[in-house]
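Asker: Model the structure of this input:
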Amino acid sequence: MIAATNIERRHLTEQRRNIYIACEDLNFFWDDQVSEVIAMWNMGIPVEYIASNFGREVDETAILIFDLARKGKIKLCRGGIWG
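Answerer: Numbering: from 1, shown residues only. Here you go, the predicted structure:
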């Protein structure tokens, strides 16, 4: 592997300082609650109520639902995630 030049190293350091991490303040870790979220979603319960049930931010729950839909574990309803 070719060693990085000083300019390349400086550029990489500057890139790290300018990194923006989206939703860093949210918690995207879920455990056995996932099966409950799936069941609630399949019953047609809106994402806002699902989030409230678990004491979670709506955004955290919406991302979980998005992920589950991408993996084919749930289907989105006609109106999408927001009903």
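Asker: My guess is K75 contacts L68. True?
Answerer: No: using Cβ atoms under 8 Å, K75 is not in contact with L68; the gap is 9.5 Å. C-beta here means a position set from N, CA and C on the backbone, and glycine is covered the same way.
Asker: Neighbour count: the two, which is higher?
Answerer: A count of neighbours by other Cβ atoms under 10 Å puts L68 above the other of K75 and L68, at 18 against 9.
Asker: Can you read off the pLDDT for that one?
Answerer: Note on L68: pLDDT of 95.
Asker: do T13 as well
Answerer: Confidence score, pLDDT, at T13: 63.
Asker: Mind listing residues that contact stretch 60-78?
Answerer: 23, 26-28, 30, 34, 37-38, 41-42, 44, 47, 50-51, 54, 81, 83 (Cβ atoms under 8 Å, 6 or more residues apart in numbering).
Asker: Tell me which residues of that stretch come out buried.
Answerer: 60-65, 68, 74 (16 or more other Cβ atoms under 10 Å).
Asker: Dump the residues you listed to CSV, plus distance to T5 and secondary structure.
Answerer: Formatted as CSV, the buried residues of stretch 60-78 follow (distance: Cβ to Cβ, whole Å; DSSP: H, G, I helix; E, B strand; the rest coil):
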residue, distance to T5, secondary structure
E60, 42, helix
T61, 46, helix
A62, 44, helix
I63, 39, helix
L64, 43, helix
I65, 46, helix
L68, 45, helix
I74, 49, coil
